[in-house]
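**Q** Coordinates for the following, if possible.
(chains A and B)
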Amino acid sequence: MEIPLLRYQSISLDQIQNSYGFPFPFASNKVFREKSLFPGCYFSFNKRWKNPFRIIKCSLMEQGLKPRPKPNKMNIEELKESDLGETQIKKKSSVGICSQIEKLVLNKRYTEALELFEILEFEGGFDVGTSTYDALVSACIGLKSIRGVKRVFNYMLSTGFEPDQYMRNRVLLMHVKCGMMIDARNLFNEMPERNLVTCNMIIAGLIDLGEYLEAFRLFLDMWEEFSDCGSRTFATMIRASAGLGLLSVGKQLHSCALKMRDGDDTFVSCALIDMYSKCGSIEDAQGVFDEMPEKNTVGWNSIMAGYALHGYSEEALDLYHEMRDSGVKMDHFTFSIIIRICTRLASLEHARQAHAGLVRNGFGLDIVANTALVDFYCKWGRIEDARHVFDKMPCKNVISWNALIAGYGNHGRGEEAIELFEQMLLEGMRPNHVTYLAVLSACSHSGLSERGWEIFHCMSRDHKVKPRAMHYACMIELLGREGLLDEAFALIRSVPFKPTTNMWAALLTACRVNGNLELGKFAAEKLYGMEPEKLCNYVVLLNIYNSSGKLKEAAEVVQTLRRKGLRMLPVCSWIEVKKQPHVFFSGDKTHVQTKEMYEKVDSLMLEISKHGYVPDKGTLLPDVDEQEQRVMKYHSEKLAIAFGLINTPDWTPLQIVQSHRICSDCHNAIKLIGMITEREIVVRDASRFHHFKDGICSCGDYW
DNA sequence: TTAGGGTTAG
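**A** Residues are numbered from 1 along each chain as shown, chains lettered A, B, ... in the order given. Have a look, this model is predicted:
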């Protein structure tokens, strides 16, 4: 049908309408006749359209429209001729339906509104007014229903509705908000007139998709066309500069917004707080926040998220208390941010309060906050609680599934992680690269190498997820755990890109565990070339030499470290008891309960030595060479555990956070401490969570 | 006239 149209320039609107059986979208004969460059052709009047005939094809085919042999209006005419009375009744009832739809939407009962709309669609042909379409658009946006958008839009076309600028914008918004950006772009391109609102909407849609550069391009076009824009546009564009991480661009927008201050700048301020923190300048973010005359919920949320992003979790929690005291209302964003901060701080008490607050304030069903809770409970060893939250979620997305799968995997429950992954596929959820990372790492932790290989092979074949460096690193770790170093090395050499540091680091760790000096040295040298200033690479090689008795080589590594001036930052661990964090450094003697703690450590060490514990001198850190015995015995995490054992009831799990990677000696010691004290111990270190229970650790084994 | 903007989870 569309081919003949492409060949003739002078086709008229009437001809097109006759061919397709319905009026063309957003066309009016008046506009067309006055502005058309090609007489008789509506499509060519807009100067932006380089190829009007391509647009004809796009607009019809891409919207999935098919010619209708019998326009609906004909049905009404036929009805009129045959039974005038009944038509009148129907018309009356359609007015009733329309007002009912509008009322339902006002009450946010979107699903019911769209169900009622089905009656109009079924009967066909009734004229629906702008106010009803407005309501239907809101319903589609509220439900993010692509099907709804298609239904409403097709009905509009089939009834010959001619929208004004307001309605055209609403229709565009409906497509943008439901993520139908290809259709939205087509509509935008075909619009006979655009205003600031039109442009703001399409730009915001592009930013939602992460198309920041395209958003900037359109912004500049818009600037040229209108020579004007309001604070709304600035708020949106500041978000784009945050997405690109361009501080200088963000600052330019900030100064433009200041120059044209137009009253309510709260939105701009909030966007600026977010932009400054995401671009690395928390001081500027704080400055904007301080200047806000009235700090609203979003402002508080943004600054809290900013502090959390910069690793100032405690400060973020203080801000949360300030926010609570200031009486500003909290929303689901607030709770999501707080739960994530609690995950970092290992604060079970605060997380529980946030969980309760979430439910109490009516956000108990929020997908983001619940996913944050699943992640929290998983990371703190409460898999059953995580599962409970997950099962109660009314809808789940790929992030929710990933959080729980990773939770099972990180706690050594690889089989269950795989089962969950399979259930996810059965429920029609499409896995992404994070899902595969979680499943592969679960296989690796639980030693399920065969299953790991199967999954690794099917990720690109079945779900078109191309393995990334982290997936390869995971497979190298998996092979390394099996002692298959040659295969691991072969995999590194086979990757279709330059091997990354993660991959060499996984091979190096595998070499340390399997005592392969030669390959370990090779991997370490690769790493030195790529990360000459990263201390931990030298430490692993140092430990390989130490544990294989190569003292001369070990001394050389220490010399290199000294020459480079590399030194380990003081390691610290902390534990929260009665809402108070207690921080310990290696050999720390500043705490008021030092005496009791040291006595406890001594007695624990004596006790575990009866169960076969032998200090592992082969994995010392480079800054503990002089008083190695003493310091090894009093590593910060051991002090934190002793403190916890003295000060908490028997049934409480000990939750320790460590700023560095836990050393293998402490890992081994904690396994035994957990066993003899019958206490659950969860240690979160710089690389992963270790959940010690009944003498085993969830990380599979120490790596 | 109405409409369009900012913050959250793996």
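**Q** neighbours around residue A:427, how many?
**A** 9 (other CB atoms under 10 Å). For the C-beta atoms, the positions are set from N, CA and C on the backbone; glycine is no exception.
**Q** how about it, phi and psi?
**A** Here is the backbone geometry of residue A:427 (degrees, to the nearest 10): phi -80, psi 0.
**Q** Quick check: chain neighbours aside, which residue is closest to the residue positioned nearest the centre of chain A?
**A** The residue lying closest to the centre of chain A (CA atoms, centre = their mean) is residue A:399, at 7.0 Å. Nearest in space to residue A:399, with sequence neighbours left out and distances taken as CB to CB, 6 or more residues apart in numbering, is residue A:371 at 5.4 Å.
**Q** Now for the one you found, how many residues are close by?
**A** Residue A:371, neighbours per other CB under 10 Å, totals 24.
**Q** again, but for the one 4 residues further on
**A** Burial measure for residue A:375: 22 neighbouring residues, criterion other CB under 10 Å.
**Q** before we move on, which element is it in?
**A** helix A:367-379 (DSSP states H and E).
**Q** burial measure for the residue of the stretch 451-600 of chain A at minimum distance from DNA strand B, as a count.
**A** Going by CB to the nearest atom of the strand, DNA strand B is nearest to residue A:465 of the stretch 451-600 of chain A, at 10.5 Å. Using other CB under 10 Å as the criterion, residue A:465 is surrounded by 19 other residues.
**Q** show me the contacts for it.
**A** By CB atoms under 8 Å, 6 or more residues apart in numbering, residue A:465 lies in contact with A:431, A:432, A:433, A:436, A:459.
**Q** Which residue is the nearest non-sequential neighbour of it?
**A** Nearest one to residue A:465, counting by CB to CB, 6+ apart, is residue A:459 at 4.6 Å.
**Q** hmm, who's touching the host helix or strand of that neighbour?
**A** Following DSSP H and E, one finds residue A:459 within helix A:449-463. For helix A:449-463, contacts defined as CB under 8 Å, 6+ apart pick out A:418, A:421, A:430-431, A:436, A:439-440, A:443-444, A:465-467, A:471, A:474-475, A:478-479, A:481-482.
**Q** likewise stretch A:666-674?
**A** By CB under 8 Å, 6+ apart, the list of residues contacting stretch A:666-674 reads A:604-605, A:608, A:611-613, A:616, A:635, A:637-638, A:641, A:662, A:679-681, A:683, A:690, A:692-697, A:702.
**Q** now, which of those residues lie within helices?
**A** Using DSSP state H, the members of these that fall within helices are A:604, A:605, A:608, A:637, A:638, A:641.
**Q** Quick check, the second one in contact with residue A:635.
**A** This points to residue A:605. No - applying CB atoms under 8 Å as the test, residue A:605 and residue A:635 come out as separate, 11.2 Å apart.
**Q** neighbour-wise, which of these two wins?
**A** Taking other CB under 10 Å, residue A:605 and residue A:635 do not tie; residue A:635 has more neighbours (25 against 18).
**Q** Please, where are all the strands along the stretch 501-650 of chain A?
**A** For the stretch 501-650 of chain A, the strands defined by DSSP state E, counting those that start in this stretch cover A:572-577, A:580-585.
**Q** most tightly surrounded among the ones you listed?
**A** Highest mean neighbour count among those (mean count of other CB atoms under 10 Å): strand A:572-577, with a mean of 20.
**Q** Quick check: end-to-end length of stretch A:565-579?
**A** 39 Å (CA to CA, to the nearest Å).
**Q** contacting residues around residue A:687?
**A** Counting by CB under 8 Å, 6+ apart, residue A:687 has contacts residue A:661.
**Q** Ok, the one 5 residues further on next?
**A** Shown in contact with residue A:692 (CB under 8 Å, 6+ apart): A:670, A:671, A:673, A:674, A:680, A:681, A:682, A:683, A:698.
**Q** Residues of the stretch 351-500 of chain A that sit close to DNA strand B?
**A** Within the stretch 351-500 of chain A, the positions near DNA strand B by CB under 7 Å from any atom of the strand are A:366-369, A:371-372, A:375, A:397-400, A:402-403, A:406, A:432, A:434-435.
**Q** In PyMOL, how would I select just the buried ones from those residues?
**A** Applying 16 or more other CB atoms under 10 Å to those leaves a buried subset, and the PyMOL line that selects it is:
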select buried, chain A and resi 366+367+368+369+371+372+375+399+400+402+403+406+434+435
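**Q** State the helix or strand in which the residue nearest to the centre of chain A lies.
**A** Going by DSSP H and E, residue A:399 is part of helix A:398-410.
**Q** Buried residues in whichever helix or strand comes after that helix, which are they?
**A** Once the chain leaves helix A:398-410, the next helix or strand it forms, by DSSP H and E, is helix A:414-426. Within helix A:414-426, the residues scored as buried using 16+ other CB under 10 Å are A:414, A:416, A:417, A:418, A:420, A:421, A:424.
**Q** average model confidence for helix A:414-426?
**A** Throughout helix A:414-426, pLDDT has a mean value of 95.
**Q** Mind giving me the packing neighbours of it?
**A** Secondary-structure packing of helix A:414-426 (3 or more CB pairs under 8 Å, 6 or more residues apart in numbering; DSSP states H and E): helix A:398-410, helix A:433-445, helix A:449-463.
**Q** I'd like those laid out as a markdown table, including mean pLDDT.
**A** Shown next, in a markdown table, are the helices and strands packed on helix A:414-426 (pLDDT from 0 to 100):
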| stretch | mean pLDDT |
| --- | --- |
| helix A:398-410 | 95 |
| helix A:433-445 | 94 |
| helix A:449-463 | 92 |
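**Q** between these, which one is nearest to residue A:541?
**A** Closest to residue A:541 of the helices and strands packed on helix A:414-426 is helix A:433-445 (CB to CB; 22.4 Å).
**Q** what angle do that closest one and helix A:398-410 make?
**A** Angle between the axes of helix A:433-445 and helix A:398-410 is 10 degrees (criterion: axes from the mean of the first three to the mean of the last three CA atoms, to 10 degrees).
**Q** and the angle for helix A:433-445 with helix A:449-463?
**A** 170 degrees.
**Q** contacting residues around helix A:433-445?
**A** Applying CB under 8 Å, 6+ apart, the external contacts of helix A:433-445 come out as A:398-399, A:401-402, A:405-406, A:408-410, A:412-414, A:417-418, A:421, A:424, A:431, A:448-449, A:451-452, A:455-456, A:459, A:465-468, A:470-471, A:474-475, A:477-478, A:481, A:698-700.
**Q** about what we covered before: which of the buried residues of helix A:414-426 lies closest to residue A:217?
**A** Looking across those and measuring by CB to CB, the closest to residue A:217 is residue A:424, at 37.9 Å.
**Q** which one is that closest one nearest to, not counting chain neighbours?
**A** Leaving out its chain neighbours, the residue that sits closest to residue A:424 by CB to CB, 6+ apart is residue A:401, at 4.7 Å.
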